[in-house]
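Undergrad: starting from these lines, generate the structure:
(chains A and B)
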Amino acid sequence: MKRMLAVGSLAGIVLSLSVGIAAAKANFSGTWVMDKSRSEGVPPDMEQTMTVTQTDDTLNVETKVVSDQGDQTITGTYTFNGQETAYTPKRGGAEGRGKRTAKWTADGNGFEVAEEEQFDAPNGEVTFQFARKWALLPDGKTLTIELEVKGPNGPQHSKRTFVKK
Amino acid sequence: MTRTLKTAPSVIGALLFISAVGLSALGQKPTPTFPVVLQVPVAPTAFKANGKMNLVYELHATSFRAGDLLLSRVEVYNDDGSTTTPLASYGEAELNNMLARPGTGGQIANARLIGAGLRAVVYLWLTLDTPAAVPARLRHRLYFKIPNSTSGEERVVEGARVAVGKDGPLVLGPPVRGQGWVARFNGSTSFHRRGLLVVNGQAVIAQRFATDWGKFGDNWNALRTGDGSKNSDFYAYSEPLIAVADATVVDVRDDIPENDPSKSSPAVPVSLDTAAGNHVILDLGRGRYALYAHMQPKMMRVKVGDRVKRGQVLGLLGNSGNAVGPHLHFHLASSPVALDGEGLPFVIDSFAVLGVESPQAFKEGVWRPDPNFKVEQRHMEMPIDSVVVRFP
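TA: Predicted coordinates for the structure are as follows:
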């Protein structure tokens, strides 16, 4: 009995240590301006400014996109509770069905988002898959977002670098 | 607003500056897909006025961009590719006085800020020294800023290539006789010049080159005798209006009562139908029509279908329709309907310039000829900018 208690106490200590050394989550809150010179796969006339609000389990992002063709504001919410959330994507004036899952990376410096969007098209349903990876660099003032897109036009990749304002 | 090509040594510095600006500008490549549509709805025809050649037209810029745009510069080039120096270049301050924004009624804080789907109209008036300087073709470069852009980079749109009219302006005789006539409200910023009106689904400026002719009395210093409370107080009143060319009468109206100059409102409500008041329209051929507006009722000397000779009396100058005093509104347009069609330039074959009515003189209603002004005989010119003239 004594031995069992000892093992149990040890396990509790290990668990406590494990919790204690879990990586702190990066805080992305603030305004971020895309640095075009350090970004890839982005149209040359495009500017982006993100405003991020972060709480324990949720990150809200509002992205203002400015290009020759117009100004656009895109909003999104990432929830890090491990559960899939539904959202309504809009592309080219059409509304679709979307679902996403977000999770922190092991080092806590970023997170990954997997999204799938479906749109009804004249020739059937069209599906897009997005894989986003946010990472905060050690300086705390630089953010990179890698995006992989799989859709009817084939795979696309971009890597955007943002600087904290 | 005008720009003149100058060659005098005294302006070499200015030319160098303009040239540098032009070269610099041409170094900035246009963005072919930038979503602004440029149009010159009516090709200009060069005409002579005040001894110079003039190109008067409008450039329409319509934004197809999903967001605001700020127009920062307009440049006009000879399209023959021979020079990188613009014929004219207009920056922000000048553009503020050259733009109209249809549908705003002028109630807009910044006319250069163009929202999604909206249009700006740039009123251009280029002045060139000689006929040889008039290009055969024009093209335009417009510079835009995107207000929400953090970079502040300008985008360039190039286009609206247009051929300058080859036929030249129609040569006319005077619409009135004698001396002391003052040519009003036909300058670059006049309400006639900018009288954009939608008629039958078309945005037109029938009054583009319209002139309001007033008359100083024989004592040469006033437009009227008495207190101006009666139409007959005005020297212009009852002056005979004469055909500017051999023509056919295509429209006559003489049933609109005259306005009382002592009252601020016209005798009849102003509409497209009544604005010209009692009037005569002459068909001068080849789609060109001359309008004589605001005439006296029941005093017409011609009827529809009459063939008239140049100098023939059509009726009497009056004060009817959209007028605040006796005067002749005369213009040439492409339509036989008053205030419809596009205004066309013309020149008068011979007249003498006796002086210029200053804004102050206009305000006071009294004009004193400058004793040092040398009377100038003009040929094949359009009288503009409040010159006071004598017709043969």
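
Undergrad: where in chain B is pLDDT low?
TA: B:1-27, B:219-221 (pLDDT under 70).

Undergrad: and it, which residues reach chain A?
TA: Contact residues, chain B versus chain A (C-beta under 8 Å from any C-beta of the partner chain): B:31, B:33-35, B:65-68, B:116, B:146, B:148-151, B:155. For the C-beta atoms, the positions are set from N, CA and C on the backbone; glycine is no exception.

Undergrad: helices of the stretch 251-392 of chain B, start to end?
TA: With DSSP state H, counting those that start in this stretch as the criterion, the stretch 251-392 of chain B has helices at B:359-364.

Undergrad: send me stretch B:304-316 as CSV with only the CA atoms.
TA: In CSV, the C-alpha atoms belonging to stretch B:304-316 read as follows (Å, rounded to 0.1, in the frame of the first residue of the first chain):
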residue,chain,number,x,y,z
VAL,B,304,-40.2,76.3,-89.5
GLY,B,305,-39.2,75.3,-93.0
ASP,B,306,-38.1,78.7,-94.1
ARG,B,307,-34.8,79.0,-95.9
VAL,B,308,-32.9,82.0,-94.5
LYS,B,309,-29.8,83.9,-95.8
ARG,B,310,-26.9,84.9,-93.6
GLY,B,311,-27.7,88.2,-92.0
GLN,B,312,-31.5,87.8,-92.3
VAL,B,313,-33.5,88.8,-89.2
LEU,B,314,-35.0,85.9,-87.3
GLY,B,315,-36.7,87.7,-84.4
LEU,B,316,-35.9,90.0,-81.5
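
Undergrad: go through it and flag the buried ones.
TA: B:306, B:308, B:314-316 (16 or more other C-beta atoms under 10 Å in any protein chain shown).

Undergrad: in chain A, what residue is nearest chain B?
TA: Across chain A, no residue is closer to chain B than A:Gly70, which sits at 2.6 Å (C-beta to the nearest C-beta).

Undergrad: give me the element the most centrally placed residue in chain A is part of.
TA: Nearest to the geometric centre of chain A sits A:Val113, at 4.7 Å (C-alpha atoms, centre = their mean). Per DSSP states H and E: A:Val113 is located in strand A:110-121.

Undergrad: can I assume B:Glu75 is in contact with B:Gly91?
TA: No: in this structure, B:Glu75 is not within contact of B:Gly91 by C-beta atoms under 8 Å, at 9.9 Å.

Undergrad: what about those two, which has more around it?
TA: Legend: neighbour count by other C-beta atoms under 10 Å in any protein chain shown for B:Glu75 and B:Gly91, higher for B:Glu75 (22 against 13).

Undergrad: how far away is that one from chain A?
TA: 20 Å (C-beta to the nearest C-beta, to the nearest Å).

Undergrad: can you check B:Gln377 too?
TA: 55 Å.

Undergrad: how many neighbours does that residue have?
TA: Neighbours of B:Gln377 (other C-beta under 10 Å): 9.

Undergrad: repeat that for B:His279.
TA: 25.

Undergrad: likewise B:Trp367?
TA: 24.

Undergrad: surely it is in contact with B:Gln360?
TA: No: in this structure B:Trp367 lies outside contact range of B:Gln360 using C-beta under 8 Å: 9.6 Å.

Undergrad: mind putting the buried residues of stretch B:304-316 into CSV with distance to B:Ser271?
TA: Output for the buried residues of stretch B:304-316, formatted as CSV (distance: C-beta to C-beta, whole Å):
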residue, distance to B:Ser271
B:Asp306, 27
B:Val308, 28
B:Leu314, 23
B:Gly315, 22
B:Leu316, 23
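
Undergrad: who's in contact with the residue nearest to the centre of chain A?
TA: Contact analysis of A:Val113 by C-beta atoms under 8 Å, 6 or more residues apart in numbering or on different chains lists A:78, A:100-102, A:130-134.
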